[in-house]
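K.L.:
Predicted model, plus sequence, below.
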Amino acid sequence: MADRAPDHITLDVGARVLFLTKDLDLIRQQLYEGLNLRMEDLRVEDLLDDINTDVMTPAWVCFDHDPAEIAKNAYAGLMHDGHRVFEENALINGNFQVIVSGQRKGTGSSRETAAQCERWAGIRIVIAASFAPIHERNNINLGQLMGDHAMLSRLQNGESLPLEAFTSRYDPVTRLILEEGGLFPFAKRLAAGELGLPALDTPARPMTMAEKIVARNLVGQPDGQCVKPHDPVIAGVQGGYSHEFTTAQVHTFLAEVYGEGYTLPNPDKFAVFEDHLLYADHNPRFVPFMHKVQTLRDLQQAFQQHTGVRDYSAVDGVSPGICHQVAREEFIEVADFIQATDSHTCMGGASNALTYGVGATEYANLISAGFTFVKVPESIRFELVGELDTGCTAKDVILHILADHARKELTLNRSMEFGGPGLASLSIDERATLCNMATECSARTGICEADDLLLDWMEARIPGLDREARRALSVAPDEGATYHGGVHVIDLCSIRPMVAHPGDPDHGVPSDPTNGADVADIGQVRIDIAYGGSCTAGKEDDVAYYAEVCAAAEAAGLHVAEGVAFYIQYGSGHVKDLAVREGWHELFQRVGVRLIDPGCGACIGAGPGVSTDPGQVTVSAINRNFQGRSGPGRLYLASPLTVAASAFTGQITSWRPGLFA
């Protein structure tokens, strides 16, 4: 664990600074030719923006939990002309103390390895114009200092900056965490009574849904205490989960900090899932690492047996399902506060719960302590009105929000709250799509208002509380609640089928109503792969969408287009059971769909449906399309309906009744 931060920060004599420039050859010169740059040599606009965590540590790097192995493959996903810009040990061997980039450092997955790879390769200061919220928190939990470009100029000019220059923008509790060198040393001193927390003095005020759930779970504060955005608080959690990509680190961290005999106070509140790497051996890039995958599985099993947390391991190679889907089907309750080691944890917000992803360090700390640090998020409200036209789904709604609101950073690190009369027209699964992809908006989470439809859905699936108890437990925003991101009316009637260009989910364009099926601005895009699945698009309603299109295709005498591989992967065992009961499973097989048992699969590059050649084109219903995440080909994001329709036409095509007539 990190040492306590010094009171003053200076660059070591001869310390090197690595500038991650848009000119990738310039990065190579710094790594391998000894080129040293200064901040005044560059403009901020010359630096890479939106460096995502898949670039920093691709999925295969996450097969390791050992610090040295993770550090040697830092930035293994940054490619140029088919080759790694950062070869093995490049960051370590460069002896860099500072790393510099542009806007929104660390977007995408919540994987903590992205922050760890820099820290463990010798980086002590990270400079960027802005940071994605989960990535920023992971850096804080590791004790990693973050600053801006002006601070770097001063450091390179020989100045010594006080520690508070790096910590003053944070709340008092976060400052303490950074000063102590990270979350674990902070928590240990707090538990020992060596640190004190500031009293919360927020007066009574109207609150949003996220604020209400945090306030309900405050630790060490009087009953009825209100919170406001940016309040630093300690809050209890109702539960959480990890999966085989992350549990090994949780187990290792707890053993390192508390000893091999560590225990958890409430193991029944937490779970482990084996879902992310079930099909890792399908990807040729992952085959050399299968022994590491098995190590992760073994360590997760050891953690489960050691702690007694709920076990959702695969049986005979078949998983109960993707963690986010199974969690909402089986144990996320109305108004719960849930944290888990995956950025799509926010999917649970469809159940009127506060759910979001955290890194392995934060998760290990919260399951051992029973509570966690929370900086109360600002909120942004989406008031839904009207109803979606035929051929449109919630995926089109969130792709619209990504293109129109997230690109303006209106959603950044905020709780995206969904309500209004139009919400009632969306099923609970469709609401889960909205909440799931809040993380693609770089939001903290997504959460939907509760209504009778939600209570019906939960009554049919989750035993425990009765209907009226759930109604009483649910949260709704107070009249007059403050939305720092504003209140935005989304007219569902105006939403058109969307397709996001390869590279980023926020590159979406709507279909052109004048030409019916084709999507505007992309022309005729022939496809090789159509993929329906993942936590975003493997739910019951998603499978019903695939079935709607497949039934129409069969009635028209169609089969999946020649040269196209159409995959459908179920999100959980419950979803597959529904497909079998409804006859959809056999329908899919008759029209040429390739079916896959529950798991994450192609969404993380670990399963059938991954492209194998840069020339391949995929249209997919997954949640993110960063280059290389699901293979080397080009991947367009679309709704389940568009994906299924495209599989039969052989090109990206929006669905409408009568398309195949």
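P.N.:
Thanks, I have the structure now.
K.L.:
Could you tell me which residues make contact with Ala248?
P.N.:
Neighbour list for Ala248: 65, 295-296, 299-300, 303 [criterion: Cβ atoms under 8 Å, 6 or more residues apart in numbering]. Where you see a C-beta, it was placed from the backbone N, CA and C, and this is true even at glycine.
K.L.:
Buried ones only from those residues, please, as a PyMOL command.
P.N.:
Buried members of these, defined by 16 or more other Cβ atoms under 10 Å, are picked up in PyMOL with:
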select buried, resi 65+295+296+299+300+303
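K.L.:
Which strands or helices does the least confident helix or strand in the chain by mean pLDDT pack on?
P.N.:
The weakest-scoring helix or strand in the chain, judged by mean pLDDT, DSSP states H and E, is helix 183-191 (a mean of 81). Judged by 3 or more Cβ pairs under 8 Å, 6 or more residues apart in numbering; DSSP states H and E, helix 183-191 is in contact with helix 133-142, helix 172-180, helix 247-258, helix 360-369.
K.L.:
Same list (those helices) but as a markdown table, adding distance to Leu26 and mean pLDDT.
P.N.:
Shown next, in a markdown table, are the helices and strands packed on helix 183-191 (distance: least, Cβ to Cβ, whole Å; pLDDT from 0 to 100):
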| stretch | distance to Leu26 | mean pLDDT |
| --- | --- | --- |
| helix 133-142 | 23 | 89 |
| helix 172-180 | 31 | 92 |
| helix 247-258 | 33 | 88 |
| helix 360-369 | 33 | 88 |
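K.L.:
pLDDT (mean, whole number) over stretch 70-78?
P.N.:
When pLDDT is averaged along stretch 70-78, the result is 96.
K.L.:
can you list the residues that contact that stretch?
P.N.:
If you take Cβ under 8 Å, 6+ apart as the criterion, stretch 70-78 is touched by 24, 27, 54-58, 60-61, 64, 84-86, 88-92, 113, 116-118, 120-122, 628.
K.L.:
Please, a ChimeraX command that selects the buried ones among those residues?
P.N.:
The ChimeraX command for the buried members of these (criterion: 16+ other Cβ under 10 Å) is given here:
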select :27,54,55,56,57,58,60,61,64,85,86,90,91,92,113,116,117,118,120,121,122,628
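K.L.:
Tell me which entries of the contacts of stretch 70-78 lie within helices.
P.N.:
Within those, residues falling in helices by DSSP state H are 24, 27, 54-56, 90-92, 113, 116-118.
K.L.:
Nearest to Val374 among those residues?
P.N.:
Using Cβ to Cβ, Gln116 comes nearest to Val374 of these, at 22.4 Å.
K.L.:
and the nearest residue to the closest one once chain neighbours are set aside, which of the three is it?
P.N.:
Among residues not flanking Gln116 along the chain, Ile70 sits closest, at 5.5 Å (Cβ to Cβ, 6 or more residues apart in numbering). Assigned by DSSP: H, G, I helix; E, B strand; the rest coil, the conformation of Ile70 is helix.
K.L.:
and the closest residue to Ile234 other than its chain neighbours, what is it in contact with?
P.N.:
The shortest distance from Ile234 to any non-neighbouring residue, by Cβ to Cβ, 6+ apart, is to Val219 (4.4 Å). By Cβ under 8 Å, 6+ apart, the residues touching Val219 are 233-236, 371.
K.L.:
top of the residues you listed by neighbour count?
P.N.:
Of all the contacts of Val219, the most densely surrounded is Val233 (25 neighbours; neighbours counted as other Cβ atoms under 10 Å).
K.L.:
which other residues reach the host helix or strand of it?
P.N.:
Here Val233 sits within strand 232-236, counting by DSSP states H and E. Residues from elsewhere that reach strand 232-236, judged by Cβ under 8 Å, 6+ apart: 171-174, 197-198, 200, 214, 217-221, 227, 337, 370-376.
K.L.:
Got a quick PyMOL command for the buried subset of those residues?
P.N.:
Buried residues among the contacts of strand 232-236 (16+ other Cβ under 10 Å), as a PyMOL selection:
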select buried, resi 171+173+174+197+200+214+217+218+221+227+337+371+372+373+374+375+376
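K.L.:
And the helices and strands packed on helix 183-191: which comes nearest Gly573?
P.N.:
The closest of the helices and strands packed on helix 183-191 to Gly573 is helix 247-258. By Cβ to Cβ, the value is 20.6 Å.
K.L.:
Who does the helix or strand following the closest one pair with, and is each partner parallel or antiparallel?
P.N.:
Note on helix 247-258: by DSSP H and E, the next helix or strand toward the C-terminus is strand 270-273. Sheet neighbours of strand 270-273, with direction, are listed as strand 239-243 (parallel), strand 310-312 (parallel) (DSSP bridges).
K.L.:
Any chance of TSV for the ones you listed, columns mean pLDDT and mean neighbour count?
P.N.:
Formatted as TSV, the strands paired with strand 270-273 follow (pLDDT from 0 to 100; neighbours: other Cβ atoms under 10 Å):
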stretch	mean pLDDT	mean neighbour count
strand 239-243	96	26
strand 310-312	97	18
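K.L.:
so what's Pro513 scoring on pLDDT?
P.N.:
We have a pLDDT of 57 for Pro513.
K.L.:
about what we covered before: among the contacts of Ala248, which pair sits farthest apart?
P.N.:
The most widely separated members of those, counting by Cβ to Cβ, are Thr295 and Phe303 (12.5 Å).
K.L.:
List the buried residues for the strand ranked longest in the chain?
P.N.:
The residue-count maximum for a strand in the chain (DSSP state E) belongs to strand 379-385. For strand 379-385, the neighbour count (16+ other Cβ under 10 Å) marks 379-384 as buried.
K.L.:
Output the contacting helices and strands for the next helix or strand after that strand.
P.N.:
Downstream of strand 379-385, the next assigned helix or strand under DSSP H and E is helix 394-404. In terms of contacts (3+ Cβ pairs under 8 Å, 6+ apart), helix 394-404 is packed against helix 428-436, strand 487-491, strand 498-500, strand 508-510, strand 634-638.
K.L.:
now with 7 Å?
P.N.:
For helix 394-404, the packing partners by 3 or more Cβ pairs under 7 Å, 6 or more residues apart in numbering; DSSP states H and E come out as helix 428-436, strand 498-500, strand 508-510.
K.L.:
now the angle from that helix to strand 634-638?
P.N.:
Per axes from the mean of the first three to the mean of the last three Cα atoms, to 10 degrees, the angle that helix 394-404 makes with strand 634-638 is 110 degrees.
K.L.:
No further queries at this time; thank you.
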